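[1] Build me a model from this:
(chains A and B)
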Amino acid sequence: MDVKVINPFIDAIMNIMPQLGFQNVVKGKLSVGEQFVDSKGITVLVGLTDQLRGNIAYNFTEATAMSIASKMMMGMPVATLDDLAQSAISELTNMVTGNAATRFEKDGLRVDISPPSLVVGENFKLKVSNAKFLVVEMIADSLIIELNIGIE
Amino acid sequence: MNKIRVLIVDDSPFSQRLIKDALKESKYEVCGCAGTGSDGIRQYRELQPDLVTMDLTLPDMDGLECCRELLTIDPAGKIVVVSAMKDEAIINRGTAIGVKAFFQKPVKSEALLLGFEQIIVQQRNEAGQLHFLEYFIAAFTKNIIDMTGMDVLSVDHSTIQSVVSHGLGVIIGITGSQQGRIMLDVSMDVAQEFTKKLLRTDVVADEDVFNSISEFTNIIAGHSISEINNVLKAKEFEIRLTPPSIIIGESIAIINPKMTSNTVTAKTAIGSLHMNVGFVGGK
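    Numbering: from 1, shown residues only, chains lettered A, B, ... in the order given. Below you'll find the predicted structure:
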């Protein structure tokens, strides 16, 4: 897998997060994952198909997911990851993946995305690809969003 | 094309006239006008309209009460409220009864036409998606039998909002003209036993289990979608699948906020397999 596939996702986060009220968005660590993604508590899966096929797992701790949801809802307090907060987080991943898909298309790659599946629980892991996958951390106002990108 | 037939229930001839005018030269036709709730109910039985507009203040009964009676006669009835009043309490009470939309008088033509259009499209989608489920159930049971040689002892089916995994879940996204996902979910024990049947062997490694269950799900999804694409025919209605991802863990909730999904459970000699199919925009 070409490491360049992460750039549209990084650009998408850099572009979307400030629109949602985040001020300082930076790229964190980049690494390569093998086999499984260990969930931090909340993981959102979005599938890609057409000229680019694979899966993205957006990984958050519950506290981070709640802070992001709260910011997205203009500061409304979020004490539990209720329906509204779940919907906000899944909408965030939909916006980011959609934005990245548009960027791929500008580079001549047609990409179609599936609706997000929010996966919530303790001690679970996920497989996003049969091969290795790329892991990039994005940090928005000190909140860490981990993207696990597995492309066939 | 046949016009979509609308019954107006409103005691004011002026309001009846406004609604008729709003629907003039559209794909809707007013098939009847009733000035009282009881006349509305009588005409509904007789005319069986596709849509009803309901005023809230009728001489003989409350408009929402009339909606409730109509929906008792025909639970699939499509009723919108057109009233001078439109507050949160009315909307909440009406929605709870099953009213599809609320408009304030004087109703604007564009607003009413758009509202009707949304109800019709939603109805068509629900019918289509429910119909799609049959293809998934057929592919699910057929492939269990064909690929393992086991019988399917029973097939149960329920509509639910959130799914809790039994140990191993495989998710495949659905995209294209319909958006959704299919998930196959089994306990780790069933996953292992099922893989032994699939591979015709007594010993399986975890890696074999993940690969086999994932490919089994891919086959079910592929068969179902191919059948559906054959029915939909036109290229612009094509449905596509994203590659499988796997979730491993117990009591894990899988949530798709905008989705209505159906779980189909197939019982076999080695235990139960659960297939969940959901589409966005259903219900």
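[2] residues contacting the residue sitting nearest the centre point of chain A?
    For chain A, residue A:58 is the residue whose C-alpha lies nearest the centre (Cα atoms, centre = their mean; 3.3 Å). Going by Cβ atoms under 8 Å, 6 or more residues apart in numbering or on different chains, residue A:58 touches A:43-44, A:46, A:93, A:96, A:145-148. C-beta coordinates here come from the backbone N, C-alpha and C atoms, glycine included.
[3] SS state for residue 40?
    No chain specified, so I'll use chain A. With DSSP: H, G, I helix; E, B strand; the rest coil as the basis, residue A:40 sits in coil.
[4] I was after chain B.
    Residue B:40 ends up helix, using three-state DSSP.
[5] Go ahead and confirm it touches residue B:65.
    No: checked against Cβ atoms under 8 Å, the pair residue B:40 and residue B:65 is beyond contact range at 11.0 Å.
[6] Show me which of those two is the more surrounded one.
    Shown here are residue B:40 and residue B:65; by other Cβ atoms under 10 Å in any protein chain shown, residue B:40 has more neighbours (29 against 14).
[7] For the more buried one, which residues are in contact?
    Counted by Cβ under 8 Å, 6+ apart, residue B:40 has contacts B:7, B:9, B:34, B:52, B:54, B:58, B:66, B:70.
[8] Can you add neighbour count and give the residues you listed back as JSON lines?
    Putting the contacts of residue B:40 into JSON lines (neighbours: other Cβ atoms under 10 Å in any protein chain shown) gives the following:
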{"residue": "B:7", "neighbour count": "23"}
{"residue": "B:9", "neighbour count": "28"}
{"residue": "B:34", "neighbour count": "24"}
{"residue": "B:52", "neighbour count": "29"}
{"residue": "B:54", "neighbour count": "25"}
{"residue": "B:58", "neighbour count": "21"}
{"residue": "B:66", "neighbour count": "25"}
{"residue": "B:70", "neighbour count": "25"}
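[9] now, the most widely separated pair of those residues?
    Greatest spacing in the contacts of residue B:40, by Cβ to Cβ: B:7 and B:58 (13.5 Å).
[10] Which strand or helix spans residue B:132?
    Using DSSP states H and E, residue B:132 sits in helix B:109-148.
[11] which residues touch residue A:45?
    When the contact criterion is Cβ under 8 Å, 6+ apart, the partners of residue A:45 are A:55-57, A:116-117, A:119, A:126, A:128, B:171, B:173, B:245.
[12] Put together JSON lines for the residues you listed, with neighbour count on each row.
    Compiled in JSON lines, these are given as follows (neighbours: other Cβ under 10 Å):
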{"residue": "A:55", "neighbour count": "28"}
{"residue": "A:56", "neighbour count": "25"}
{"residue": "A:57", "neighbour count": "27"}
{"residue": "A:116", "neighbour count": "28"}
{"residue": "A:117", "neighbour count": "27"}
{"residue": "A:119", "neighbour count": "26"}
{"residue": "A:126", "neighbour count": "24"}
{"residue": "A:128", "neighbour count": "25"}
{"residue": "B:171", "neighbour count": "29"}
{"residue": "B:173", "neighbour count": "27"}
{"residue": "B:245", "neighbour count": "30"}
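[13] Which of the contacts of residue A:58 fall within helices?
    A:93, A:96 (DSSP state H).
[14] before we move on, the earlier item: tell me the SS of the residue nearest to the centre of chain A?
    Going by three-state DSSP: residue A:58 is strand.
[15] Which residues does it form beta bridges with?
    residue A:44, residue A:147 (DSSP bridges).
[16] For chain B, see how far away it is.
    12 Å (Cβ to the nearest Cβ, to the nearest Å).
[17] cool, and residue A:42?
    10 Å.
[18] Quick check, that residue in contact with residue A:90.
    No: here residue A:42 does not reach residue A:90: they are 10.0 Å apart, not a contact under Cβ under 8 Å.
[19] joint contacts of the two?
    residue A:118.
[20] Looking at those two now, which is surrounded by more residues?
    residue A:42 (25 against 22).
[21] Check that one and give its pLDDT.
    pLDDT, residue A:42: 97.
[22] quick one: contacts for it?
    A:59-62, A:64-65, A:81, A:89, A:118-120.
[23] Just the buried ones from these?
    Neighbour-count burial (16 or more other Cβ atoms under 10 Å in any protein chain shown) applied to these gives A:59-60, A:64-65, A:81, A:89, A:118-120.
[24] Show me what the helix or strand harbouring residue A:138 packs onto, helices and strands only.
    If you go by DSSP H and E, residue A:138 is part of strand A:133-140. When contacts are defined as 3 or more Cβ pairs under 8 Å, 6 or more residues apart in numbering or on different chains; DSSP states H and E, strand A:133-140 sits against helix A:6-19, strand A:25-33, strand A:143-151.
[25] Show me the beta-bridge partners of residue B:267.
    Residues in beta-bridge contact with residue B:267 (DSSP bridges): residue B:154, residue B:272.
[26] surely it meets residue B:154?
    Yes: between residue B:267 and residue B:154 there is a contact under Cβ under 8 Å: 4.7 Å.
[27] So which of these two has more stuff around it?
    residue B:267 (14 against 10).
[28] just to revisit the earlier point, flag every buried residue along the strand holding residue A:138.
    For strand A:133-140, by 16+ other Cβ under 10 Å, it's A:133-136, A:138-140.
[29] what separates that strand from the chain centre, distance-wise?
    8 Å (Cα atoms, centre = their mean, to the nearest Å).
[30] Equivalent analysis for stretch A:93-100, please.
    Counting by Cα atoms, centre = their mean, stretch A:93-100 is centred 8 Å from the centre of its parent chain.
[31] And stretch A:92-101, by the same measure?
    For stretch A:92-101, the distance to the chain centre is 8 Å (Cα atoms, centre = their mean).
[32] now check that stretch, is it near chain B?
    No: figure legend: stretch A:92-101 not in contact with chain B (Cβ under 8 Å from any Cβ of the partner chain); closest approach 9.4 Å.
[33] can you tell me which of the buried ones among the contacts of residue A:42 are in strands?
    A:59-60, A:118-120 (DSSP state E).
[34] Format those residues as JSON lines; extra columns: pLDDT.
    Below are those laid out as JSON lines (pLDDT from 0 to 100):
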{"residue": "A:59", "pLDDT": "98"}
{"residue": "A:60", "pLDDT": "97"}
{"residue": "A:118", "pLDDT": "96"}
{"residue": "A:119", "pLDDT": "97"}
{"residue": "A:120", "pLDDT": "96"}
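[35] Buried ones in the helix holding residue B:132, by neighbour count?
    Result for helix B:109-148 [16+ other Cβ under 10 Å]: buried residues B:112, B:115-116, B:119-120, B:125-126, B:128-129, B:132-133, B:135-137, B:139-141, B:143-144, B:147-148.
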